[in-house]
Each structure stands twice: as C-alpha cells, then as structure tokens.
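Peer 1: Fold the following and give me the result.
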Amino acid sequence: MDFGIIFVFTAIIATIFGGYLAFSLRRHLKLLVAFSAGLLISIAFFDLIPEAFGALPGQTIFVSLSLVVGFLAYFILEKFILMHSCFEPHECETHSHSGFSGMAGLVLHRLLDGIVLGISLKASPETALMVGIAITIHSVPDGINSVTVLLLKKQKQLVQWLLTVSSVLFIGFIATFFIALPEKVLGLLLGFVAGWFIYLGASDLMPEAHKERSISLLFATICGFAFVIALILLLPRV
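Peer 2: This next block holds a predicted model:
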C-alpha cells in the first residue's frame, strides 16, 4: 500500500501543478481551451475507451452503450437542467453553475484513476508502477482541464474545485481496499466517462476555441491530441 500511496500523492501534486499552469496562463484562455479540447477527446479515444474494452473483452455492445449513456447524460444535463453552456458574460450570470457538469466528469475520472491504481496494486508491484507513472503524467492535463473549464465558465471556486479533483484520487485508491469493484463495472464506468468527455470536448470546448479563424487555435487543438498520443506510445500499456 505504501508503494501506491507514493503515486497517489505524486499524482495530486501533478494535478495541482497543471492547475497552476493553466491559471498562470489564463490570459491565453482560448489557446488553453483549444488544447484542452484535444486532450479530452483524445484521452477518451486513446485511453478510456481502450481500457473499457479491455475490461470487457468480447462485450462490445455494453461498452458502446456505456459510452452512449455518458454522452447523452451530458447532453440531457445541458438541455434540461443546465440549459446550455455559458460562454458569454450575460449567460454566465444566469447559468453560473453550468461548469459543474464538466467538473463532475473530471472528478469521476480522477476517482476512477484512484480505483485503477488500487486494483493494479493488488495485481503486482510492476503493474502498479506502470499504472502509477501513467496516472501521474496524465494528472498534469487533468489539472489544466479543471482550471480551464472553471475559467471558461467564470467559476470562482478555483482552489476548492482543484483540490477536490486532486484529492478524490486518494478516495478512489483507499476505496479499493474496502469495496470490491468488479472489473466489468469498472469497464462500464470508463466507457461512461469517455462519452462524457467526448461531449464536453466536442460540444463545449472545441466550438468555443474555434469561433475565430486562427491557425494558432487549430495548432493548439492538434497539440492536445498529439500530447496524449505521444504518452500512449511512450508509456507501456498494462
């Protein structure tokens, strides 16, 4: 357990660092939004979805259904509860909590990271090492995504939300020692979060980032994809 705790705290520090990086560069919010759009969508396609299929081999339909449910869940929240995303100041005054849905997805993603780390530790120290490295590196873009979404939605609770996103990983890790989570359930949850992230990136972040015809914004989006793809290629899969 001590081995896993080390990675939990390094991942928390990495998340906070990513949040600080995004906050310090808030004047370049459009570029961060474009970069985050690429990050979220590519994390869904290249990380979450393959992990979900790996947890449910031969059960493609269930993974696909969980993906669709996650996608539609965000759509329904925006359509009937959150009304719509607020990108303009007057909209944010009316719908000041519309950033909650995006943050909820990030919190759930971090919770799953903690659960995956705890489960990998039960498998073997070597497996936990590889998973821990991957989670720690992915924590930096998670922190960037968290603060970017909050800044975009004009939310003021930056520190509170960032600490929540950071610390929930610890909760997920500890929970694995008290709650037996079947691998099939984890696969469905990963698919759900993937669908959630695809909608957030494609419907919320990407359109906002590309309201302007800008080569730099296009390049930032591509960099978001390239960053995750590079991590997937460089880090060993477990």
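
Peer 1: Let me know whether residue 41 touches residue 225 as I believe.
Peer 2: Yes: counting by Cβ atoms under 8 Å, residue 41 touches residue 225, with 7.3 Å between them. Quick note: C-beta positions are derived from backbone N, CA and C, even for glycine.

Peer 1: Those two: who's more crowded?
Peer 2: residue 41 (23 against 18; other Cβ atoms under 10 Å).

Peer 1: per-residue confidence at the more buried one?
Peer 2: With respect to pLDDT, residue 41 scores 90.

Peer 1: Mind telling me what element it is part of?
Peer 2: Residue 41 belongs to helix 29-43 when assigned by DSSP states H and E.

Peer 1: who's in contact with that helix?
Peer 2: For helix 29-43, the external contacting residues (Cβ atoms under 8 Å, 6 or more residues apart in numbering) are 22, 25-26, 138, 141, 144-145, 148-149, 151-152, 197-198, 200-202, 205-206, 208-210, 212, 214, 216-218, 220-229.

Peer 1: Can I get the helix or strand that it is followed by in CSV, CA atoms only?
Peer 2: Toward the C-terminus, helix 29-43 is succeeded by helix 49-55 as the next helix or strand (DSSP H and E). C-alpha atoms of helix 49-55 as CSV (Å, rounded to 0.1, in the frame of the first residue of the first chain):
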residue,chain,number,x,y,z
ILE,A,49,-12.2,3.6,-24.5
PRO,A,50,-9.4,1.0,-25.0
GLU,A,51,-9.3,0.5,-21.2
ALA,A,52,-13.1,-0.1,-21.2
PHE,A,53,-12.9,-2.6,-24.0
GLY,A,54,-10.0,-4.3,-22.2
ALA,A,55,-12.1,-4.6,-19.0
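
Peer 1: For residue 176, grab phi and psi.
Peer 2: Phi and psi for residue 176, reported as degrees, to the nearest 10, are phi -70, psi -20.

Peer 1: That one - how many residues pack around it?
Peer 2: 19.

Peer 1: and the gap between it and residue 147?
Peer 2: 28 Å (Cβ to Cβ, to the nearest Å).

Peer 1: Equivalent analysis for residue 222, please.
Peer 2: Counting by Cβ to Cβ - residue 222 and residue 147 are separated by 21 Å.

Peer 1: who has more neighbours, these two?
Peer 2: Using other Cβ under 10 Å, the more surrounded residue of residue 222 and residue 147 is residue 147, with 29 against 13.

Peer 1: Contacts only, for the closest residue to the more buried one other than its chain neighbours.
Peer 2: Leaving aside its sequence neighbours, residue 147 sits nearest to residue 22 (Cβ to Cβ, 6 or more residues apart in numbering; 3.8 Å). Counting by Cβ under 8 Å, 6+ apart, residue 22 touches 32, 143-144, 146-148, 151.

Peer 1: again, only using 6 Å
Peer 2: Contacts here follow Cβ atoms under 6 Å, 6 or more residues apart in numbering; on that basis residue 22 touches 32, 144, 147-148.

Peer 1: dump the residue contacts of the nearest residue to residue 48 once chain neighbours are set aside.
Peer 2: In space, and not counting its chain neighbours, residue 48 is closest to residue 194: 3.8 Å by Cβ to Cβ, 6+ apart. Contacts for residue 194 were tallied using Cβ under 6 Å, 6+ apart; they are 44, 48-49, 67.

Peer 1: mind redoing it with 10 Å?
Peer 2: 40-41, 43-45, 47-52, 63, 66-67, 70-71, 105, 109 (Cβ atoms under 10 Å, 6 or more residues apart in numbering).

Peer 1: do the same with residue 162
Peer 2: 15-16, 18-20, 22-23, 103, 106, 142-143, 146-147, 150.

Peer 1: change it to 8 Å
Peer 2: Counted by Cβ under 8 Å, 6+ apart, residue 162 has contacts 15-16, 19, 143, 146-147.
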